[in-house]
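K.L.:
the following block contains a protein sequence and its predicted model.
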Amino acid sequence: MQGQKKRDQKGAWKKVAPCLYQYQSNGVYYAVARRAGKLIRKSLEVTEKEAAKRKLRDYLNELENSAPDAHKVRLDDYMKEFLLGRTGKSKTMKRYQQMVTEVVKSWPGGSRQALRKVDLSQCTQWLSKWNGKVAQYNHARQWLAAFFDFAVANKKLTRSPMENRKLVKAMRRPKVIRNAPTPEEFDAILAEVRAQPFTDHADDSGDVLEFMGRAGVGQAETSGLKHEHISLEEGTIKLFRVKTQSSFQIPIFPKLHPLLKKLKKTNPEALPSDKVFKISDPKKALATACKRLKLPSFSPRSLRRMFVIRALKRRVAVKTISKWQGHQDGGVLILKTYSETIDQEAHQEDANLLG
């Protein structure tokens with residue numbers, strides 16, 4: 001009985017041309033080739049002979065350009081090998097390891113399958129685990145794309161199942177409404193921070209927060225500020241934007257001038273190379289003040305946003321604000337981020353024309 005079954009199975013295949021066979025029961029053509037001593041059979045997914053010949057030619061070319069051991073490589077093993085070549089901070093490496101763990105645990109069809117058998121549907125099905133979780137989804141998508149590109153570069157795959165990125169689009173983050181304190185709330189926060197009992201650096205924290213809000217700069221720029229960067233005579237401050245690794249300059253704004261004069265007066269022996277602020281991270285002091293005043297949980301970035309909104313409301317040109325922020329896009333990011341504020345001011349200006 002078993003011998004009859006084998007003969008029936010053998011008879012179901014018809015050789016049409018070298019390396020090309022047709023399965024008689026459904027008419028589908030298959031490529032059959034030997035690679036590194038192993039017989040490989042692959043469906044060409046067509047029932048027309050000429051189309052099968054074209055697909056066979058492409059497939060044999062792919063085989064010719066692939067590594068001899070490509071058919072032996074398994075998804076989980078090669079993903080672990082890919083992980084060994086990654087570098088980054090401990091947090092980044094931990095996230096990479098989590099990706100591999102998730103693949104091993106939940107890959108559709110199992111992670112022990114041959115790497116060459118992975119297709120786009122498996123990728124999209126696995127990524128659906130993070131539907132609704134934008135950051136995690138995009139990290140996972142980026143990881144998969146990099147992994148398959150790595151496999152292609154090392155000839156373990158002839159093409160990436162995610163080569164058409166348009167079919168696996170990145171998720172867009174929902175538009176976040178970022179809050180910012182009003183000028184009155186900002187003044188109240190500074191007073192609350194400086195009045196904190198049981199601490200010997202309340203005034204230092206207040207100075208840092210005041211500088212951020214009055215100058216419209218972030219924590220990274222503030223923490224690297226030195227006395228030599230400030231020129232009260234010229235009325236300028238030189239800053240370094242860490243994010244873009246570029247220098248930029250801002251004027252000493254009228255509301256910022258008293259703070260800088262105070263800092264110079266209280267530190268007469270400071271060297272030009274000394275840092276201006278003793279506190280580099282005022283988040284805790286800011287959070288405590290907001291809690292005491294029953295205000296929203298403002299962050300140092302909220303103070304920068306407050307500055308930009310105030311400048312827009314005072315009709316400062318977007319291009320100028322952009323330069324003050326250390327941007328090099330001529331105001332594109334400001335227009336995109338603060339479009340609601342700009343539109344609101346424009347509507348109010350139009351309404352005022354009506355009297």
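P.N.:
The structure has been received and is ready for your questions.
K.L.:
if you count neighbours, what's buried in stretch 86-103?
P.N.:
Of the residues in stretch 86-103, 86, 96, 99-100, 102-103 count as buried by neighbour count, 16 or more other C-beta atoms under 10 Å. The C-beta positions use only the backbone N, C-alpha and C, and glycine is treated the same way.
K.L.:
quick check: mean pLDDT of that stretch?
P.N.:
On average, the pLDDT along stretch 86-103 is 87.
K.L.:
then it to PDB, C-alphas only?
P.N.:
What follows is stretch 86-103 as a C-alpha-only set of coordinates in PDB (Å, rounded to 0.1, in the frame of the first residue of the first chain):
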ATOM      1  CA  ARG A  86      24.200  45.400  16.800                       C
ATOM      2  CA  THR A  87      25.600  48.200  18.900                       C
ATOM      3  CA  GLY A  88      24.100  50.900  21.000                       C
ATOM      4  CA  LYS A  89      23.200  52.000  24.500                       C
ATOM      5  CA  SER A  90      22.000  49.500  27.100                       C
ATOM      6  CA  LYS A  91      18.400  50.600  26.600                       C
ATOM      7  CA  THR A  92      18.600  50.200  22.900                       C
ATOM      8  CA  MET A  93      20.300  46.800  23.200                       C
ATOM      9  CA  LYS A  94      17.600  45.700  25.600                       C
ATOM     10  CA  ARG A  95      14.900  46.600  23.100                       C
ATOM     11  CA  TYR A  96      16.800  44.600  20.400                       C
ATOM     12  CA  GLN A  97      16.900  41.600  22.700                       C
ATOM     13  CA  GLN A  98      13.200  41.900  23.300                       C
ATOM     14  CA  MET A  99      12.500  41.900  19.600                       C
ATOM     15  CA  VAL A 100      14.300  38.600  19.200                       C
ATOM     16  CA  THR A 101      12.500  37.100  22.200                       C
ATOM     17  CA  GLU A 102       9.200  38.100  20.700                       C
ATOM     18  CA  VAL A 103      10.100  36.500  17.300                       C
END
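K.L.:
want to throw the buried residues of stretch 86-103 into a markdown table with secondary structure and distance to Lys319?
P.N.:
Below are the buried residues of stretch 86-103 laid out as a markdown table (DSSP: H, G, I helix; E, B strand; the rest coil; distance: C-beta to C-beta, whole Å):
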| residue | secondary structure | distance to Lys319 |
| --- | --- | --- |
| Arg86 | coil | 40 |
| Tyr96 | helix | 40 |
| Met99 | helix | 42 |
| Val100 | helix | 46 |
| Glu102 | helix | 45 |
| Val103 | helix | 47 |
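K.L.:
between these, which is nearest Ala287?
P.N.:
The closest of the buried residues of stretch 86-103 to Ala287 turns out to be Tyr96 (C-beta to C-beta; 31.4 Å).
K.L.:
now the closest one: how far from His139?
P.N.:
Remark: distance between Tyr96 and His139 (C-beta to C-beta, to the nearest Å) = 9 Å.
K.L.:
could you do Glu233 as well?
P.N.:
Glu233 is 49 Å from His139, by C-beta to C-beta.
K.L.:
one more: Arg301?
P.N.:
22 Å.
K.L.:
settle it for me: which of those two has more neighbours?
P.N.:
In terms of neighbours (other C-beta atoms under 10 Å), His139 is the more surrounded of Arg301 and His139; the figures are 17 against 13.
K.L.:
that one: which element?
P.N.:
Assigned by DSSP states H and E, His139 belongs to helix 134-153.
K.L.:
counting by contacts, list what whichever helix or strand comes after that helix packs against.
P.N.:
Sequence order places helix 183-194 as the next helix or strand after helix 134-153, per DSSP H and E. Under the contact criterion of 3 or more C-beta pairs under 8 Å, 6 or more residues apart in numbering; DSSP states H and E, helix 183-194 touches helix 202-215, helix 283-292, helix 300-313.
K.L.:
what's the average pLDDT for stretch 118-128?
P.N.:
On average, stretch 118-128 scores 92.
K.L.:
what comes up buried for that stretch?
P.N.:
118, 122-124, 126-127.
K.L.:
how far does that stretch sit from its chain's centre?
P.N.:
21 Å (C-alpha atoms, centre = their mean, to the nearest Å).
K.L.:
quick one: contacts of it?
P.N.:
75, 102-103, 106-109, 137, 140-141, 144, 148, 161-162, 164, 167-168 (C-beta atoms under 8 Å, 6 or more residues apart in numbering).
K.L.:
so Leu239, which of the three states?
P.N.:
Under DSSP: H, G, I helix; E, B strand; the rest coil, Leu239 falls in the strand class.
K.L.:
now the closest residue to it other than its chain neighbours: how far from Ser280?
P.N.:
Distances taken as C-beta to C-beta, 6 or more residues apart in numbering place Glu221 nearest to Leu239, at 4.7 Å, with adjacent residues excluded. As judged by C-beta to C-beta, Glu221 and Ser280 stand 11 Å apart.
K.L.:
quick one: which of the two has more around it?
P.N.:
Taking other C-beta under 10 Å, Glu221 and Ser280 do not tie; Glu221 has more neighbours (24 against 12).
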